[in-house]
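A.B. asks: dropping a prediction and its sequence here:
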Amino acid sequence: MERYLKVLRLFWGTAIAAELEYRLNFIVTALISLGGLAGSLFGLFLFYRTGYEFEGWSWEAALLVLGLFTVLQGFSATVLIPNLNKIVNQVQQGTLDFVLLKPISSQFWLSTRVISPWGLPDVVFGLVMIGYGGSRLGLGWADYALALVPLVLGAISLYSLWFMLGATSIWFVKIYNVTEVLRGLLEAGRFPIAAYPVAYRVFFTFVVPVAFLTTVPAQTMLGQGGRGWLLASALLAVTLLVAANRFWRFALRFYTSASS
Amino acid sequence: MLKRALKISRVMLSVYYAYMVEYRAELVFWVLSGTFPLILMGLWVEAAQGDQFNLSPTELVQYFLAVFLVRQFTVVWVIWEFEREVVEGKLSPYLLQPIDPAWRHFFSHVAERFARLPFAFLLVGLFLLLYPYAAWLPRLDNLLLGLLAIAMAFCLRFLMQYTFALAAFWTERASALEQFWFLLYTFLSGMIAPLALFPDAVRAVVLWTPFPYLIYFPASLLINRPENVAQGFAAMIFWSALFWGLNRWLWRQGLKQYSGMGA
């Protein structure tokens, strides 16, 4: 365990040092995040401006969901995209060989090798939005802390799904963009799940568990939803995490390296 | 002259079509990654049940299915390829050929449209099963105008992105320009909601930008609700001419700047 922490520190230290060479990039990504934020708010405003409300979600509560979505977006830009979307390159070029030879879990190596600080503006803006909505609703620190649990569980589920999709590149080298499909569907998390028709709700709860990423944490924050959802969220995260690990080991049996 | 142009386009189309069909699985996933309008369709249909918006659920289903199709036909990615060509110096051999490298990109995009077509229609069919009451056929004149509008929207979008791509001659992060532009495109083009649902002041401003003509305008033609058709086509021609001029000027300036990295 200690060894893994040490390795992680080295990984991220070098990655950040490399990224900081492009400092102008920070301003550019911050501007893009800000633009995205304005756009998302505008999109939400279009629904609320005539007095319509998502069933049971006031404007402030919907802001919490949007804020949580933005935080998770930042998380995926910081950790998931730079690592998991590169698995396909490793397979295509055969450099996965070197990863497998290292005396460390290959899943750990592939999932944490680099970190990109460019997702941080999204995390900050998302937190600001949650803080604004929360203060209007009179939420306290205990509410935020409680919501952290399902948020982390959601992040684990998201990582596991993403990793499994990335791992399929062992078989189908050229389908790296399958993660783009996931990203497209995750956009549904911008809005509370109650805002969708029934068929969509079923799909986004049981097929692609978007509901557990943003709606459940927001409900926990608001003190609604109850223990059932939290329990389901924990169950989902553990199941997906174990499944991701099993799946990776299974996939590796089919790995034959490149050009050999 | 014309014969030569026809021959070149025929050869390029068939070459790139064959290339695209080779990666069918990849194409299916690109089609599926464009589900954003379909997600918003669900939201708006649910919202319109209570008559608080001046559009009916049926109209909204039709609108967003049309948006999905228009979007499928106007997807453009030239900036990522061009940026790589410049940064890696791969542009150099293409410059030696007696044809502008832009055409190569243009035809690869056009050929991809044909390969993508069946999957896109399959997905629309699937959603019509979910909302059978919304099935509709565009009137012939609207269909023809709509197809023309889609073709022009694709050309305009290609032209805009290719113009931004030319910034790659000066900076290594030309795609950042496109990312920013894409945000405006996402939120102002009518992809998140029909322009009829925008506040009046916002709509008045947005109609002066090129964005609504890329999605909203062709989509409303397809669902038989044309608005200011002549003005829409005029706006597209105006913006295309503007970007064409800018593009050619940047291309000439850029070539002076280009030193063929790694070659």
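C.D. replies: Thanks, I have it. Numbering: from 1, shown residues only, chains lettered A, B, ... in the order given.

A.B. asks: how many neighbours does B:Trp244 have?
C.D. replies: B:Trp244 has 15 neighbouring residues, counting by other CB atoms under 10 Å in any protein chain shown. C-beta: built from backbone N, CA, C; applies to glycine.

A.B. asks: B:Ile99 too?
C.D. replies: 12.

A.B. asks: can you check the one 10 residues further on too?
C.D. replies: Neighbour count of B:His109, defined by other CB under 10 Å: 22.

A.B. asks: just the pLDDT for it.
C.D. replies: For B:His109, the model assigns a pLDDT of 92.

A.B. asks: from A:Leu100, how far off is it?
C.D. replies: 38 Å (CB to CB, to the nearest Å).

A.B. asks: likewise for A:Gly228?
C.D. replies: With CB to CB as the criterion, A:Gly228 and A:Leu100 are 41 Å apart.

A.B. asks: those two - which one has more neighbours?
C.D. replies: Taking neighbours as other CB under 10 Å, A:Gly228 and A:Leu100 compare with A:Leu100 leading, 13 against 8.

A.B. asks: got the contact list for the more buried one?
C.D. replies: Contact analysis of A:Leu100 by CB atoms under 8 Å, 6 or more residues apart in numbering or on different chains lists A:106, A:252, A:255.

A.B. asks: rerun at 7 Å
C.D. replies: By CB atoms under 7 Å, 6 or more residues apart in numbering or on different chains, the residues touching A:Leu100 are A:Ser106.

A.B. asks: after whichever helix or strand it is part of comes which helix or strand?
C.D. replies: Using DSSP states H and E, A:Leu100 falls within helix A:96-101. The first helix or strand that comes after helix A:96-101 along the chain, using DSSP H and E, is helix A:106-112.

A.B. asks: flag every buried residue along that next one.
C.D. replies: Residues A:106-107, A:109-112 are the ones in helix A:106-112 that count as buried (16 or more other CB atoms under 10 Å in any protein chain shown).

A.B. asks: OK, contacts around the residue nearest in space to the middle of chain B?
C.D. replies: By CA atoms, centre = their mean, chain B has its centre lying nearest to B:Thr74, at 2.3 Å. Neighbouring residues of B:Thr74 by CB under 7 Å, 6+ apart: B:150, B:153-154, B:157, B:214.

A.B. asks: next step: those residues restricted to helices.
C.D. replies: The helices, defined by DSSP state H, take in B:150, B:153-154, B:157 from the contacts of B:Thr74.

A.B. asks: what parts of the stretch 101-250 of chain B come near chain A?
C.D. replies: Within the stretch 101-250 of chain B, the residues that sit near chain A (CB under 7 Å from any CB of the partner chain) are B:130, B:173, B:176, B:179-180, B:183, B:186-187, B:192-193, B:197-199.

A.B. asks: most neighbours, which of the residues you listed?
C.D. replies: Counting neighbours by other CB under 10 Å, B:Ile192 comes out on top of those with 27 neighbours.

A.B. asks: once you drop chain neighbours, what's closest to that one?
C.D. replies: Distances taken as CB to CB, 6 or more residues apart in numbering or on different chains put A:Gly43 closest to B:Ile192, at 4.7 Å, once the chain neighbours are dropped.

A.B. asks: and the one you found, how many residues sit next to it?
C.D. replies: Around A:Gly43 there are 19 residues (other CB under 10 Å).

A.B. asks: now it: how far from B:Tyr213?
C.D. replies: For A:Gly43, the distance to B:Tyr213 equals 20 Å [CB to CB].

A.B. asks: what does B:Pro93 give?
C.D. replies: For B:Pro93, the distance to B:Tyr213 (CB to CB) stands at 36 Å.

A.B. asks: neighbour-wise, which of those two wins?
C.D. replies: Neighbour tally, B:Pro93 and B:Tyr213, criterion other CB under 10 Å: the higher count belongs to B:Tyr213, 27 against 12.

A.B. asks: ok, of the buried residues of helix A:106-112, which one's closest to A:Phe11?
C.D. replies: Minimum distance to A:Phe11 across these is 5.9 Å, recorded for A:Thr112 (CB to CB).

A.B. asks: residue contacts, the closest one?
C.D. replies: The neighbourhood of A:Thr112, defined by CB under 7 Å, 6+ apart, consists of A:8, A:11, A:83.

A.B. asks: save the contacts of B:Thr74 as JSON lines, and put in neighbour count and pLDDT too.
C.D. replies: Shown next, in JSON lines, are the contacts of B:Thr74 (neighbours: other CB atoms under 10 Å in any protein chain shown; pLDDT from 0 to 100):
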{"residue": "B:Ile150", "neighbour count": "24", "pLDDT": "95"}
{"residue": "B:Ala153", "neighbour count": "26", "pLDDT": "95"}
{"residue": "B:Phe154", "neighbour count": "21", "pLDDT": "95"}
{"residue": "B:Arg157", "neighbour count": "26", "pLDDT": "95"}
{"residue": "B:Leu214", "neighbour count": "28", "pLDDT": "94"}
